[in-house]
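*Asks:* here's a sequence, model it:
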Amino acid sequence: MTPDEFRQDTRAAVQAIEDAAGVRVYGYRAPSWSITRECLWALDILAEEGFTYDSSIFPIHHDLYGVPDAQRFPYTHQLKNGRSLGEFPPTTVRLLGQNLPAAGGGYLRIFPLEYTHWVFRKFQEEYRERVVVYFHPWELDPEQPRMREKLKSHLRHYTRGCPSFS
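*Replies:* Next up is the predicted model:
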């Protein structure tokens, strides 16, 4: 997207959410963690549009997203336009010099539960930070329609998918 397209798309999404929910939107999370080093200009637009925080900068190396050297715990962006924007990065754990994802989306489904427990303990006892957890609707709704996707995307979305709650 261009900056103008991003601004218009974001305004339309905010309007739809605010109309449906009846509350103001303060935070933003880019789809597929799509705010990367190449489009950090989006943070300026978010602040200009009235957002107070973001949770789109994933401090990992991934084939589709990520800013591996980004800060791992909440911080504030000081932006070019003189504004600031809080950042709440998704949970990562540092192991062997790498940031590893944890506590959200497919990572909650694909990684063993013991890994998630270890991460939570590490955050509580060593980092003394809060854990940012996220999930997608299809991970909670066993009747969510399944999308036709390429094999890699299918594995990412549906491996160890939603259990039956009946």
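*Asks:* in stretch 111-123, what's buried?
*Replies:* 111, 115, 116, 119, 120, 122, 123 (16 or more other CB atoms under 10 Å). Bear in mind the C-beta positions are built from the backbone N, C-alpha and C, glycine included.
*Asks:* in helices only, show me those.
*Replies:* Using DSSP state H to define helices, the subset of the buried residues of stretch 111-123 located there is 115, 116, 119, 120, 122.
*Asks:* want to try JSON lines for those residues, with pLDDT and distance to residue 16 as columns?
*Replies:* Below are these laid out as JSON lines (pLDDT from 0 to 100; distance: CB to CB, whole Å):
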{"residue": "115", "pLDDT": "93", "distance to residue 16": "36"}
{"residue": "116", "pLDDT": "92", "distance to residue 16": "33"}
{"residue": "119", "pLDDT": "95", "distance to residue 16": "34"}
{"residue": "120", "pLDDT": "93", "distance to residue 16": "34"}
{"residue": "122", "pLDDT": "94", "distance to residue 16": "38"}
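*Asks:* between those residues, which is nearest residue 43?
*Replies:* residue 119 (26.6 Å; CB to CB).
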